[in-house]
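Student: Make a model of this:
(2 chains)
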Amino acid sequence: MIARVYVGLKPGVLDPQGRTIASSLNDLGYGEVLDAKQGKVIELTLKDGDPTEAEARVREMCETLLANTVIESYRIEIDD
Amino acid sequence: MTQTAVIVFPASNCDRDAAVALEQATGRAPHMIWHKETSLPDEVRLVVIPGGFSYGDYLRSGAIAANSPILRDVKEKAGRGLPVAGICNGFQILTEAGLLPGALMRNANRKFVCRVSRLRLANAQTRFTKHYDPGNEIDIPVAHHDGNYFADDETLRQLEGNGQVVFRYSQNPNGSRNDIAGIVNAAGNVLGMMPHPERAIDPLHGGTDGRLLFKSILESL
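Tutor: Model (predicted):
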């Protein structure tokens, strides 16, 4: 089973890396890019089991380690 | 002579400078404690979590170190009043471990900043700053890429209201909210700061403004 965790900065938190990416794209001629946000994807390979239980445990993993919930939010996808 | 300790993680690199500062201040070499140990020796009266790039800053600075076995014991003892000082990566580890509020983010100007920073004493009554004159600014080096202190409005209100902000930058090098360079927890025994006081303890460093911090906390024991 694969669990995919998307971690990103919460709205309102400064994202200088995102801004830099947007500026660079603008410099390359992509003027239509108004903003960019850079996040992370963490892909976990899990032993097979109940997907609901897996998601609950992955949620714990997010709260404890994978995301800093002071400044980040996360989204979980389970592929079973 | 007081026994102190420095926690060492893989890729901590300011642990030895911290040890020099502690030995200078106490007359006794600190215990250097590997992160995999599960408890601090009972005689330890002050713990320093040093600067560096623990775990290569993988995932987030300090995130993995915050889950080290030794941190469990540090948290428990800090909860019972043991003084802890987290410097730079140590500050990041303390916020990740939940011992201090807020978070340290990528510097707003995206650059690694490495220079002497002038700090104001926001609270010269804490156990770590009692010997400083609140009217004087001090010079302490900074060297970090992720020192931008963030806390939400409510947390900031509490920090300011409780006098938990200890140092402020006179010229903010990283975008930290309210120019915050260092804070203490509500109980006043856990300090986190981005600047490196252990790099300002010897005339050869170019300044000795860091000495009074170690003197203050040690005299408070």
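
Student: Please state the offset of stretch A:26-35 from the chain centre?
Tutor: In this view, stretch A:26-35 has its centroid 23 Å away from the chain centroid, taken as Cα atoms, centre = their mean, to the nearest Å.

Student: Export only the CA atoms of that stretch, formatted as CSV.
Tutor: Extracted C-alpha coordinates of stretch A:26-35, given in CSV (Å, rounded to 0.1, in the frame of the first residue of the first chain):
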residue,chain,number,x,y,z
ASN,A,26,8.5,35.1,-15.0
ASP,A,27,12.1,35.8,-16.0
LEU,A,28,11.9,32.8,-18.4
GLY,A,29,9.0,34.5,-20.1
TYR,A,30,6.0,32.9,-18.3
GLY,A,31,4.4,36.1,-17.3
GLU,A,32,1.1,34.3,-16.6
VAL,A,33,2.6,32.9,-13.4
LEU,A,34,1.3,35.1,-10.6
ASP,A,35,2.5,33.0,-7.6
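
Student: Tell me how many other residues crowd B:Val116.
Tutor: Here the number of neighbours of B:Val116 (other Cβ atoms under 10 Å in any protein chain shown) works out to 16. Heads up, the C-betas are built off the backbone N, CA and C, glycines and all.

Student: what's stretch A:32-42 in contact with?
Tutor: For stretch A:32-42, the external contacting residues (Cβ atoms under 8 Å, 6 or more residues apart in numbering or on different chains) are A:4-9, A:15, A:17-19, A:21-22, A:25-26, A:66.

Student: Go through those residues and say which is closest to B:Ile201.
Tutor: Nearest to B:Ile201, judged by Cβ to Cβ, of the contacts of stretch A:32-42 is A:Gln17 at 34.8 Å.

Student: In which helix or strand does the closest residue to the closest one other than its chain neighbours reside?
Tutor: For A:Gln17, ignoring the flanking residues on the chain, the nearest one in space by Cβ to Cβ, 6 or more residues apart in numbering or on different chains is A:Gln38 at 4.7 Å. Assigned by DSSP states H and E, A:Gln38 belongs to no helix or strand.

Student: Check the one 10 residues further on too.
Tutor: Using DSSP H and E, A:Asp48 sits within no helix or strand.

Student: contacting residues around it?
Tutor: Contacts for A:Asp48 (Cβ under 8 Å, 6+ apart) come out as A:1, A:80.

Student: Can you flag which of the contacts of stretch A:32-42 belong to helices?
Tutor: A:17-19, A:21-22, A:25-26 (DSSP state H).

Student: which one of those residues has the most neighbours?
Tutor: Across the ones in helices among the contacts of stretch A:32-42, neighbour numbers were computed from other Cβ under 10 Å; A:Ala22 holds the maximum, 18 neighbours.

Student: Nearest spatial neighbour of it, chain-adjacent residues omitted?
Tutor: A:Ala36 (4.0 Å).
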